[in-house]
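In: 3D model of this:
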Amino acid sequence: AIQDSLYTYVQELISCTTFGIGMVDWERRLIRFEYVIENGKVVDPYMRSLDAQEQPAAQCVNFASELLINSLSIDTREFDSVLRLTRDDDDFLHRYARDVAMPRSAMYVPMMLQEKVIGVVSVQSEYANAFHENDLVVLRSLAAYAAVAFDNADSYLRLRQTQNKLVEQEKLAALGSVVA
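Out: Sure, this is the predicted structure:
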């Protein structure tokens, strides 16, 4: 639901052909792109290594900095030097990269919580010079709100799990007192 809302706002405010949200897995040193829309179509999930220095998403996360790229000359959608060397399968590749024109412009903005990067929001366009500073300001604001929303959702999930454990413990305690 958070992803859908963010996508809706981006579509209203920024002209782009691709929108993606990647969540950082610091333990495995990966960015998991599980929500990507290209030309209005959902793309299968894929991953990027945080150690793949050629990947703009990895640069954004590793340096906790925004990227505004208006002249992409290399299509990085199918390439991740680190995962390519360590994987036998193609789950990390962007499967539909050949079906969509190579992006010529892109913006990457980190989602930050208390100075820690939890993810990245990215938009891309098949046109060079498609994005401007005001687009970056909009994406920065949306990424900040998204980071808080993801954190709230995670907190709510943990709260529900804790409540469920307490209910189970209460049931067991009640059962124990009935048996005794």
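
In: rest of the way, CA atoms for contacts and neighbours
Out: OK.

In: need the contact list for Arg29.
Out: When the contact criterion is C-alpha atoms under 8 Å, 6 or more residues apart in numbering, the partners of Arg29 are 49-51.

In: where's it relative to Lys171, distance?
Out: 40 Å (C-alpha to C-alpha, to the nearest Å).

In: likewise Thr162?
Out: Relative to Lys171, Thr162 is positioned 14 Å away (C-alpha to C-alpha).

In: again, but for Glu115
Out: The spacing between Glu115 and Lys171, counted by C-alpha to C-alpha, is 41 Å.

In: neighbour count winner among the two?
Out: Counting neighbours by other C-alpha atoms under 10 Å for Glu115 and for Lys171 shows that Lys171 has the greater number, 12 against 8.

In: Quick one: list the elements packing against the host helix or strand of the more buried one.
Out: Taking DSSP states H and E as the criterion, Lys171 maps to helix 133-179. Under the contact criterion of 3 or more C-alpha pairs under 8 Å, 6 or more residues apart in numbering; DSSP states H and E, the helices and strands touching helix 133-179 comprise helix 2-13, strand 105-113, strand 116-125.
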